[in-house]
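[1] For reference, the sequence and a predicted model appear below.
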Amino acid sequence: MSPADIADLFADIAPVTTRRMFSGHGIYRDGLIFALVLGGELFFKTDVQTIPLFEEAGSTPFVYDHGKGPVTMPYWRVPAEAFDDPDELARFTQLAFDAAARAGTTKRRTPRPRSRRASQKE
């Protein structure tokens, strides 16, 4: 799935941007990553509130082998029916964006300590 394909898929839902990452693309809306394309598959961001909805739709999580065992990521495959039903795609897109927003509000950047060199200049 190319960046142009991704833009077309979400054209009627929300403006998105993509950034190349790993072996695929991250998909962003309003600066938040809410989806990934890896190995030609589309995955949406999930959290404890949305995982049950993805499970009900028959979706499965993105899992990779870290070398020490499998690692389950908070991204789940887009349910098959969402590709056939624009309303379902919009619903799952919103669920993913909401999960990304909740995750984004809980992560705060810790300011870097100032270097001695910078503080000596003052």
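    Here it is on my side, so go on.
[2] For the longest helix seen in the chain, name the packing helices and strands.
    Looking across the chain with DSSP state H, the single longest helix is helix 86-106. With contacts taken as 3 or more CB pairs under 8 Å, 6 or more residues apart in numbering; DSSP states H and E, helix 86-106 sits against strand 32-38, strand 41-45, helix 51-56, helix 80-84. (Each C-beta comes from the backbone N, C-alpha and C, glycine too.)
[3] Rebuild those as CSV, extending it with mean neighbour count, mean pLDDT and distance to P15.
    Listed next are those as CSV, based on neighbours: other CB atoms under 10 Å; pLDDT from 0 to 100; distance: least, CB to CB, whole Å:
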stretch, mean neighbour count, mean pLDDT, distance to P15
strand 32-38, 21, 92, 12
strand 41-45, 23, 94, 17
helix 51-56, 14, 94, 24
helix 80-84, 13, 90, 19
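[4] Make CSV out of the ones you listed and add distance to T72.
    Compiled in CSV, those are given as follows (distance: least, CB to CB, whole Å):
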stretch, distance to T72
strand 32-38, 14
strand 41-45, 12
helix 51-56, 11
helix 80-84, 20
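[5] closest one to A101 among the ones you listed?
    strand 32-38 (6.1 Å; CB to CB).
[6] So in that sheet, which strands flank the closest one, and in what orientation?
    Partners of strand 32-38 in the sheet, by DSSP bridges, are strand 24-29 (antiparallel), strand 41-45 (antiparallel).
[7] from what I can see F83 touches F92, true?
    No - here F83 lies out of contact with F92, judged by CB atoms under 8 Å, at a distance of 10.1 Å.
[8] Where does pLDDT dip in this structure?
    Applying pLDDT under 70 to the chain flags the ranges 105-122.
[9] want to try TSV for the strands paired with strand 32-38, with distance to A35 as columns?
    Converted to TSV, the strands paired with strand 32-38 look like this (distance: least, CB to CB, whole Å):
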stretch	distance to A35
strand 24-29	4
strand 41-45	5
